[in-house]
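Visitor: fold the following.
(2 chains)
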Amino acid sequence: DAGITQSPRHKVTETGTPVTLRCHQTENHRYMYWYRQDPGHGLRLIHYSYGVKDTDKGEVSDGYSVSRSKTEDFLLTLESATSSQTSVYFCAISDRGVRTDTQYFGPGTRLTVL
Amino acid sequence: AQSVTQLGSHVSVSEGALVLLRCNYSSSVPPYLFWYVQYPNQGLQLLLKYTTGATLVKGINGFEAEFKKSETSFHLTKPSAHMSDAAEYFCAVTGSGANNLFFGTGTRLTVIP
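Guide: Numbers count the residues shown, from 1 in each chain, chains lettered A, B, ... in the order given. Next comes the predicted model:
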């Protein structure tokens, strides 16, 4: 298994509070991604990073921000959590991008916003 | 724009029967296509992918898929289902950028003993 950890694995929070999810990799892969998984929607890309301090938006980026100050860590922040952000969040990594390389997924973080 | 449609959110098959999971795609550029599997409470794992070349792609655990450009399809098959195949399966396509993956809504496969 690719060395990807996500923390926390489960979190319950209240509407309006800030939340930060962490993805940590030990593979030294260049690309890192954050997805959310919701019933009836599959996985949708939130943000991705193609290097330290290099990030770009995905299809559902509103309400989320990311940061990558080190190759191994990719943080996802919900500045003010809303109930619509209740979801399972997956981090993924790949070495040279999805066209030329396999994308490996972390175990997921289940976030509940009350 | 790129998108994927998976027909059937739930599929049930008997153990030993053929597995057929359907995926149709839409892409304005030559597509790269993927099938992923997700076991309960786990992340996604790549089963197989089509990039270029041979249109019949073989993956792990006995699965294969055939890229049919004329039908814009990439259906996943396995000749004989095992109980361990019970999981959710996702089809995905690349976007116009090199690092965008668009996923279908998933098909949950149940294998009946």
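Visitor: so which residue is smack in the middle of the chain?
Guide: Looking at chain A here, since you left the chain open. Taking Cα atoms, centre = their mean, the centroid of chain A lies closest to A:W34, which sits 2.7 Å from it.
Visitor: looking at chain B here, not the other one
Guide: Centre-most residue of chain B, counting by Cα atoms, centre = their mean: B:W35, 3.5 Å.
Visitor: you'd agree that one is in a helix?
Guide: No: B:W35: not assigned to a helix; according to DSSP: H, G, I helix; E, B strand; the rest coil it is strand.
Visitor: against chain A, how distant is it?
Guide: Distance of B:W35 to chain A, given as Cβ to the nearest Cβ, to the nearest Å: 12 Å. Glycine gets a C-beta too; all of them are placed from N, C-alpha and C.
Visitor: show me what contacts that residue?
Guide: B:W35 makes contacts with B:21, B:23, B:46-49, B:59, B:63, B:65, B:74, B:76, B:89-92, as judged by Cβ atoms under 8 Å, 6 or more residues apart in numbering or on different chains.
Visitor: grab the nearest non-local neighbour of it.
Guide: Using Cβ to Cβ, 6 or more residues apart in numbering or on different chains and skipping residues adjacent in sequence, the residue nearest B:W35 is B:L47, 4.3 Å away.
Visitor: check which helices and strands the helix or strand hosting the one you found sits against.
Guide: Remark: B:L47 resides in strand B:44-50, with elements defined by DSSP states H and E. When contacts are defined as 3 or more Cβ pairs under 8 Å, 6 or more residues apart in numbering or on different chains; DSSP states H and E, strand B:44-50 packs onto strand A:104-105, strand B:33-38, strand B:56-58, strand B:64-68, strand B:73-78.
Visitor: between that strand and strand B:64-68, how many degrees?
Guide: 50 degrees (axes from the mean of the first three to the mean of the last three Cα atoms, to 10 degrees).
Visitor: pull out the buried positions in the helix or strand hosting B:V111.
Guide: Assessed by DSSP H and E, B:V111 sits inside strand B:107-112. Across strand B:107-112, burial judged by 16 or more other Cβ atoms under 10 Å in any protein chain shown covers B:107, B:109, B:111.
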